[in-house]
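Undergrad: have a look; sequence and predicted model below, questions after that.
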Amino acid sequence: MARFAMVIDTKKCVGCMDCVVACKTENQTPEGLNRDWIAYESIGKLPDIQMEIRSERCNHCDNPPCVDCCPCGASHVHELGGVVLVYQNKCSGCKACIAACPYNARFINPEGYADKCTFCIHRVETGLLPACVSVCPAHCMYFGDLENPESEVSRLLLSRKYHSLLPEAGTKPQIFYLV
Amino acid sequence: MHELDITRNNHLVDPSLHIWGWQVPVYLFFGGLVAGMMIISGYFLWKGKHKEYNCACFNMPLIGIIALSIGMFALFLDLEYKVHVWRMYATFRITSPMSWGSWILILVYPALFANMLIKVPGFLKTKIPFLEKISEKIRNNDAHIKRIGIINLILGFMLGVYTGILLSAFGARPLWNSSVLSLLFVTSGLSSAAAFVHMIAKDKDESRLLAKADNSFLTIEIVILLFFFIGLLTSSQAHINGAKLLLIGPFAPVFWVFVIGTGIIIPLIMQSLAVRGKINHSPVMPILVIMGGLILRFVIVYAGQYSNWTAAALGK
C-alpha cells in the first residue's frame, strides 16, 4: 500500500506563489478560494529575525478527523496513497469537516460541497506530479510514496531535519517541512 | 514576537472560522429543550405521575414535535447543499456524532408521537378519530404508558447528550473538546424544559415541583460549568486559550451577563424565594432560564469556532 506524502524544503521556498496559481489553474478553484496558500512564520524582531516561508494545503492526515466526522460518507480516504478526498455528489454541505480540520484547509465550494486539496490525484494516477509540485521554480516541493524507502521523500526525511504542522492536534499530518 | 501571516482568505474560514451562524445554536437549543421535555415527560409517565396531576406532560409531546421541527428546519437552512440532505440517511457512520444524531432524530419523532397518543390533543381528536381509539388502548394499559415513558426518557437523554457530543468530538476546536459539554447541554436542556413546563403548568403543585426541579438543574449546571472549565484550564495551552475566550476574552461579557447572571444565578435566587413562598411565581424567571439556555448555545458555538490550535503553537 502506498502512502503519499509531500516534503517541502523551507530553506528553498521563496513564497513566489507559483504553487498557488498552478493549483487554481489545474483545479479551476473558484475565485477568492484557495486549496493551497503561502504561510510566512516569523520569530523575533529585525535585525534578529528568523523566518520560515512554506506552501500549505490539506495535510492528508493519517488520522483524518474530517473523514471520521462526515455524516454522509462524502469525506473518505482514497484507496491509492491514503489521500483524503470528498465525493462531491455525497456531500450535504453540513460543514462538520471544516470544523474538524485544525488546519482550516477546507472550504465550501460555491456549488455547495466541501472542497480541498486532492494531491491532484487525477494527475498522480496517470503518473504525473501534483500541479503545485510540477511548477515550483525553486524545486522546493517533493511528492512521493513514504512506503517506498527509495523514494525521494523517504530519503529526504531520513537525511534532513523536518517538522509537520500542529502535530499536537493528533491528526498525523503527511506534509513535512524541511528545516 | 512570533507571527504567522498567510495568503489564504477563504470564505467562512478566514480570518477566523465562522462556518456556523445562528442556525446551529438554534437547533442545539431546540434539541436540548426537546430532550429535556422528553426526559421530564418520560419520567412522569414512568413513575405514574400522569395520574396525579392534570399533567402538563400531556402538552409536552406536541410542543416537542413542533420545537424539534423548528430546530431541524434551522439545521436544514444551514446546509450548503440542501438537496443532498437525504444523504445523511443513506449511510451510518459510527465515528460521526452528526450521523448518530440524524438517526436518533428519526427515532425521536415516533417516540414523541407515541407519547402524544396517550392524550390526543383536541384538534387531532376531531380530525383523526382513529387516533383516539389507539389512545384508549394505550391508556387502558399501564405497562404501555410505562414503556412509552422509558423510551422517551432514554431517547431524550440520547438526544441531549448527542447535541453536546456533536461539538465535543471536534478535537480541532479546543473549547468544544470536552466530553463534559454533553452533560452541560443535557442539564441546560432539562432546566430550559423544566422552566418551560413550570410556565405552562396549570396545576399549582406540578408548577411548584418543576420550579424546584429547575433550581436543582440550574445548580447542577453551575457545577458542570465548573468541571468544564477545570478540565480546559488544566489541559494544553490551546484548551486554556479556549476557556479564556469565555472567561476573560471577547465572549466573556455575554457569557457572564446572559448565561451565568441572568440565565442561571438570578433565576435560581428568585425561584428559590418563590418556592419558599417569599415572592410570587412569575413567568419572568423561566423566560430568563430559557433565554440563558439559548444564549449558552450561541456563545459556545461562536467561541468554539474561534478557538484553535494555531495561536497556542505560536505561543499566544
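TA: Great, that's in hand. Since we're looking at a predicted model, the values are computed, not measured. Numbers count the residues shown, from 1 in each chain, chains lettered A, B, ... in the order given.
Undergrad: for the rest of this, base every contact and every neighbour count on C-alpha atoms.
TA: Fine.
Undergrad: show me the contacts for residue B:190.
TA: Residue B:190 makes contact with B:32, B:33, B:35, B:36, B:37, B:39, B:40, B:214, B:217, according to CA atoms under 8 Å, 6 or more residues apart in numbering or on different chains.
Undergrad: and the gap between it and chain A?
TA: Residue B:190 sits 26 Å away from chain A, going by CA to the nearest CA, to the nearest Å.
Undergrad: mind saving the C-alpha coords of the host helix or strand of residue B:311 as CSV?
TA: Assigned by DSSP states H and E, residue B:311 belongs to helix B:310-313. What follows is helix B:310-313, C-alpha atoms only, in CSV (Å, rounded to 0.1, in the frame of the first residue of the first chain):
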residue,chain,number,x,y,z
THR,B,310,-2.5,27.7,15.8
ALA,B,311,-2.5,30.5,18.4
ALA,B,312,-1.2,28.2,21.0
ALA,B,313,1.5,26.9,18.6
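Undergrad: for that helix, name the packing helices and strands.
TA: helix B:237-247 (3 or more CA pairs under 8 Å, 6 or more residues apart in numbering or on different chains; DSSP states H and E).
Undergrad: quick one: average pLDDT of the helix it packs on?
TA: Mean pLDDT, helix B:237-247: 97.
Undergrad: now do residue A:158 against residue A:178, distance only.
TA: Here the criterion is CA to CA, to the nearest Å. By it, residue A:158 lies 11 Å from residue A:178.
Undergrad: who's more crowded, those two?
TA: residue A:178 (20 against 11; other CA atoms under 10 Å in any protein chain shown).
Undergrad: enumerate every residue touching the more buried one.
TA: A:7, A:8, A:9, A:10, A:11, A:157, A:160, A:161, A:162, A:163.
Undergrad: quick one: name the residues of chain A near chain B.
TA: A:32-34, A:36-45, A:65, A:68-73, A:90-95, A:98-102, A:104, A:107-108, A:111-113, A:166, A:169 (CA under 8 Å from any CA of the partner chain).
Undergrad: which of the contacts of residue B:190 are buried?
TA: Among these, those buried by neighbour count (16 or more other CA atoms under 10 Å in any protein chain shown) are B:32, B:33, B:35, B:36, B:37, B:39, B:40, B:214, B:217.
Undergrad: quick one: is the longest helix anywhere in chain B near chain A?
TA: Criterion DSSP state H: the longest helix present in chain B is helix B:204-233. No. Using CA under 8 Å from any CA, helix B:204-233 never reaches chain A; the gap is at least 15.0 Å.
Undergrad: how far away from the center of its chain is that helix?
TA: Using CA atoms, centre = their mean, to the nearest Å, the distance from the centre of helix B:204-233 to the centre of the chain it belongs to is 13 Å.
Undergrad: list the contacts of the spatially most distant residue from the centre of chain A.
TA: Within chain A, the residue lying farthest from the chain centre (CA atoms, centre = their mean) is residue A:47, at 32.0 Å. Shown in contact with residue A:47 (CA under 8 Å, 6+ apart): no residues.
Undergrad: quick one: it from chain B, how far?
TA: 12 Å.
Undergrad: doesn't residue A:41 belong to a strand?
TA: Yes. Counting by DSSP: H, G, I helix; E, B strand; the rest coil, residue A:41 falls inside a strand.
Undergrad: hey, what's it bridged with?
TA: The partner list for residue A:41 in beta bridges (DSSP bridges) reads residue A:52, residue B:4.
Undergrad: could you pull up the residues touching it?
TA: A:51, A:52, A:53, B:2, B:3, B:4, B:5.
Undergrad: do that again at 6 Å, thanks
TA: Applying CA atoms under 6 Å, 6 or more residues apart in numbering or on different chains to residue A:41 gives the contacts A:51, A:52, B:3, B:4.
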